[in-house]
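*Asks:* A predicted structure for the sequence below; I have some questions about it.
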Amino acid sequence: MRSGWINASILAGAGFFIFALFLSAVFDPAIRVLHTLQAFIYVAVIVLTRKNIAWGFGAGCVIGAFWNYVNLFVTTFVKAGLEQTSILLQTGKMPRPDLLIAVVAAGGHFVLIIACLAGFLRTRPKARQWVEFWAGGTLAVGYFVGIVITTGPQYIGLLRRVFRN
């Protein structure tokens, strides 16, 4: 049995990320198919975690951690977004509002990671559920890599950098 904050946080974290995907696609129409397919991960996380399925908790935790790792340590999108936020607070203007999207997305992922981990731990998982948790996370990242390769070839170089590090 999970508390209401966990359900609400999973919904909010996934919802913020889906919203960021939508906004990003508005600024860059070339990634609309990729982002639509990527949103399916978060819909699946919401549905599966509502049913206390370990695969969903794992998918939410691992895809969130993977995306945040990439955008905090491999690219400079989140840093640039934070710089845009600072400029906005200092001047009231934001020269590159599209970069703020990465901050919203990362925030959504941090909420999603914490809520999925808390929800999963509340199920008092046994060894099998831990295997399912990691399998769900691996499947989510694998699906993400697959859709990037097939629908977002402009990001293949980024994937190469991620997996070489």
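*Replies:* The structure has been received and is ready for your questions. Residues are numbered from 1 along each chain as shown.
*Asks:* so residue 101 touches residue 27, yeah?
*Replies:* Yes: counting by C-beta atoms under 8 Å, residue 101 does reach residue 27; the two are 7.5 Å apart. Yep, even glycine has a C-beta here, placed from its N, CA and C like the rest.
*Asks:* Break down this structure into its strands, ranges please.
*Replies:* In the chain, no strands are defined using DSSP state E.
*Asks:* how about the most centrally placed residue in it, what does it touch?
*Replies:* A centroid search over the chain (C-alpha atoms, centre = their mean) returns residue 64, at 3.9 Å, as the residue closest to the centre. Taking C-beta atoms under 8 Å, 6 or more residues apart in numbering as the criterion, residue 64 is in contact with 13, 17, 109-110, 112-113, 116.
*Asks:* what do you get for residue 5?
*Replies:* Residue 5 makes contact with residue 115 under the criterion C-beta under 8 Å, 6+ apart.
*Asks:* Against residue 118, how distant is it?
*Replies:* Residue 5 sits 8 Å away from residue 118, going by C-beta to C-beta, to the nearest Å.
*Asks:* now swap in residue 112 and tell me
*Replies:* From residue 112 across to residue 118, the span is 11 Å (C-beta to C-beta).
*Asks:* which one of the two has more residues nearby?
*Replies:* Taking other C-beta atoms under 10 Å, residue 112 and residue 118 do not tie; residue 112 has more neighbours (31 against 16).
*Asks:* which secondary structure elements does the helix or strand of the chain with the lowest mean pLDDT contact?
*Replies:* Counting by mean pLDDT, DSSP states H and E, the chain has its least confident helix or strand at helix 77-91, which shows a mean of 77. Where contact means 3 or more C-beta pairs under 8 Å, 6 or more residues apart in numbering; DSSP states H and E, helix 77-91 is packed against helix 100-122.
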